[in-house]
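Asks: Could you work out the structure for the sequence below:
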Amino acid sequence: MALITLRDACLAFGDRPLLDGAALTVRDDERLGFIGRNGTGKSTVLKIIAGLTALDAGELQRRTGLRLALLEQEPQLPNAPTLRESLIERARTLVHASSCTPEQLHGTDRERWQLHSRLAEYLQRLGLTGEESPQDCSGGERKRAALALALAGEPELLLLDEPTNHLDIDGIALLEEHVRGMPAAIIVTHDRAFLDAVATRIVELDRGVIRSYPGNFAAYEARRDQETAAEDVARRRFEKFWRQEEVWIRKGVEARRTRNEGRVRRLEQLRRQRTEQRDRIGRIKLALDAGERSGRLVAELIGVGQTFSSRTLIEDFSTRILRGDRVGLIGPNGAGKSTLLRIILGTRTPERGSVRLGTNLQIAYFDQMREQLDPQATVAEAISPGSDWITVAEERKHVITYLGDFLFPPHRAQSPVEMLSGGERNRLLLARLFARPANVLVLDEPTNDLDIDSLELLEQRLQDYPGTLLLVSHDRRFLDNIVTQTIAADGDGRWRSYVGGYSDWLRQRPPPRPQAPPPARSAVDPAAAKRTPKPGRLGYMEGRELAALPAQIETLEHEQTEISTRMSQPDYHTQGPERVRADGRRLQDIAAQLQRLYERWETLEARTGSVRPDAAQES
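Replies: Below is the predicted model:
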């Protein structure tokens with residue numbers, strides 16, 4: 001059954017249509033990956049489906065009573081004493097955007113408790129307590145909080161706009177698990193590994209038209225290459241025929257003969273078609289200048305240690321980075337990746353250990369928070385302050401021309417930086433970064449807000465870059481395609497170097513030991529509290545469940561060990577990418593199941609007054 005049907009949809013902002021007779025149907029059990037270039041209108045389409053934006057023409061049909069949730073790219077949270085209260089207020093004011101029904105918000109005590117309980121659960125899973133101040137939350141924390149609210153509403157259709165931005169790899173894996181369990185979803189994202197894992201269909205918005213491709217992103221890539229080649233051939237044939245007719249019409253007398261009036265009318269039609277024909281949006285042009293060659297040694301760390309607020313971020317870490325290395329840093333949010341990066345670059349002195357830097361280092365730094373951009377400066381001033389010219393890779397360019405390489409039209413050159421979107425600021429920072437020669441390139445989350453075409457072009461340029469690259473990213477495919485060495489956080493301040501990219505780290509890392517997170521505070525259902533058995537008493541079914549838990553955990557741990565052993569074999573890569581992805585997903589599923597089983601075990605044993613043997617040893 002169709003959840004959403006969009007017919008002959010038309011919408012224009014200014015002189016460029018975002019939708020031009022577009023059509024889309026979403027059915028149960030479909031998870032659509034929604035892709036397209038920055039500025040084509042993907043976020044606008046999500047707002048149209050959510051009822052936040054109206055069409056200029058066309059028709060939108062939604063199934064009666066459909067519950068949907070919209071997670072915006074930059075969610076706004078109301079002011080409130082705590083993050084949890086802010087989310088509940090957001091649900092009240094934007095019922096259709098949060099998918100929470102008025103009955104859930106204003107109904108019985110039990111209904112409210114269920115919503116609050118689910119919200120507390122998802123906040124905890126996404127690394128939040130709900131007691132944070134909304135005013136002090138970072139953009140990533142606000143995104144995760146809004147995602148928790150959307151999931152807590154149990155929508156029938158989930159609309160996600162760049163959901164993986166600001167999430168670490170574990171958070172992305174958890175989100176994949178939840179999205180695969182949703183009745184239906186539409187996801188706008190540039191994360192190709194995420195699309196491969198969750199999408200059942202890819203829809204592309206291109207020049208106002210929505211095209212559909214069955215399968216995940218890998219299947220789409222194969223079809224796209226074929227269609228692009230066919231479109232280029234058709235375009236060249238049209239241009240050749242149109243030019244021939246234009247030459248013929250200029251002959252004058254022959255064109256005015258009565259028997260050729262049909263040909264004249266055909267030419268007029270060709271002219272109209274060419275006027276209406278809209279070319280593909282341009283691609284950014286990247287050129288990297290590695291400058292002078294650095295010394296062979298870039299940085300050497302010996303026994304480095306660092307703490308923050310009594311928490312150990314780095315403990316006794318040693319490594320050596322040489323000229324030409326491509327190093328990726330992997331770890332959960334808050335693990336200390338940016339701190340370690342600054343220590344490697346010599347901009348921060350560690351509390352313990354020593355750092356030795358190489359010679360003739362020219363460092364260019366891409367900051368994920370874009371703090372290098374002055375919001376009051378113009379776009380042109382951000383690239384070349386005080387001059388209209390810039391030299392890139394020994395080529396002198398006017399700043400307007402250089403900005404055009406990064407898809408900034410001439411009239412945007414004098415716009416203030418604060419007026420740019422997230423994707424535009426990302427492109428501007430890349431333009432600023434690549435305008436200067438550098439033999440050490442440091443990229444901290446460069447893929448956020450970039451469309452897939454720009455992302456693939458950035459990959460190509462980085463693969464050809466002869467200097468040293470330090471990359472912090474949660475984009476798993478980007479890491480696999482770029483880095484040759486990985487420095488990963490193993491927990492408790494321990495860091496370790498691995499050969500290869502993300503997939504290689506996944507195979508080589510030790511199996512994670514599930515740990516129960518601290519219980520989150522949440523609203524308590526008085527009726528449920530009355531039904532809870534007193535400590536020391538378990539029901540018959542709960543007793544059987546407790547007795548069966550050790551065997552279930554042992555079976556899962558045995559499977560986890562078998563998969564990890566298989567993935568560590570030297571010839572494992574010969575089994576093909578599908579097997580590698582399947583094993584990786586299964587390891588993530590097992591870890592999540594083990595965590596839930598351990599939590600349940602501890603809960604039941606706490607009520608009987610007993611203690612797990614391994615828990616006693618740990619204490």
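
Asks: ok, now which ones touch the residue nearest the centre of the chain?
Replies: Central residue of the chain (CA atoms, centre = their mean): T164, 3.1 Å from the mean position. Taking CB atoms under 8 Å, 6 or more residues apart in numbering as the definition of contact, the neighbours of T164 are 172, 175, 189, 191, 194, 474-475. (C-beta placed from N, C-alpha, C; glycine too.)

Asks: Quick one, grab the pLDDT at the closest residue to it other than its chain neighbours.
Replies: Spatial nearest neighbour of T164, chain neighbours left out: D191 (4.5 Å); criterion: CB to CB, 6 or more residues apart in numbering. As predicted, D191 sits at a pLDDT of 91.

Asks: By neighbours, which of the contacts of T164 wins?
Replies: In terms of neighbours by other CB atoms under 10 Å, the contacts of T164 top out with D191 at 28 neighbours.

Asks: So which of the contacts of T164 sit within helices?
Replies: Within the contacts of T164, membership in helices is found for 172, 175, 194, as judged by DSSP state H.

Asks: Verify the stated contact: the second one with L147.
Replies: So the one you mean is L175. Yes. With contact taken as CB atoms under 8 Å, L175 and L147 are classed as touching, separated by 7.4 Å.

Asks: circling back to that earlier point, and the gap between the residue nearest to T164 and A218?
Replies: With distances defined as CB to CB, to the nearest Å, the gap from D191 to A218 amounts to 13 Å.

Asks: before we move on, what about D56?
Replies: When CB to CB is the yardstick, D56 and A218 sit 35 Å from each other.

Asks: who's more crowded, those two?
Replies: Between D56 and A218, counted using other CB under 10 Å, the more crowded position is A218 (15 against 12).

Asks: thinking that one is in contact with A197, fair?
Replies: No. Applying CB under 8 Å, one finds A218 not in contact with A197, separated by 10.7 Å.

Asks: What segments of the stretch 151-300 of the chain are strands?
Replies: Ranges of strands within the stretch 151-300 of the chain are 157-161, 185-188, 201-206, 209-214, 297-308, based on DSSP state E, counting those that start in this stretch.

Asks: Turn those strands into JSON lines, columns for distance to N481 and mean neighbour count.
Replies: Rendered in JSON lines, the data for the strands of the stretch 151-300 of the chain read as follows (distance: least, CB to CB, whole Å; neighbours: other CB atoms under 10 Å):
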{"stretch": "strand 157-161", "distance to N481": "24", "mean neighbour count": "25"}
{"stretch": "strand 185-188", "distance to N481": "21", "mean neighbour count": "25"}
{"stretch": "strand 201-206", "distance to N481": "19", "mean neighbour count": "20"}
{"stretch": "strand 209-214", "distance to N481": "22", "mean neighbour count": "16"}
{"stretch": "strand 297-308", "distance to N481": "22", "mean neighbour count": "18"}
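
Asks: would you list those in CSV and tack on mean pLDDT?
Replies: Output for these, formatted as CSV (pLDDT from 0 to 100):
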stretch, mean pLDDT
strand 157-161, 94
strand 185-188, 95
strand 201-206, 92
strand 209-214, 90
strand 297-308, 93
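
Asks: Looking at those strands, which is nearest to D374?
Replies: When the strands of the stretch 151-300 of the chain are ranked by proximity to D374, the top entry is strand 157-161, at 27.5 Å, counting by CB to CB.

Asks: Next, E554: secondary structure please.
Replies: Secondary structure of E554, reduced to three states by DSSP: H, G, I helix; E, B strand; the rest coil: helix.

Asks: ok, Q485 - contacts?
Replies: So Q485 contacts 325-328, 497-500 (CB under 8 Å, 6+ apart).

Asks: So the residue nearest to E177 when sequence neighbours are not counted: helix, strand or coil?
Replies: Of all residues not flanking E177 in the chain, A592 sits nearest, at 6.3 Å (CB to CB, 6+ apart). Using three-state DSSP, the three-state assignment for A592 comes out as helix.
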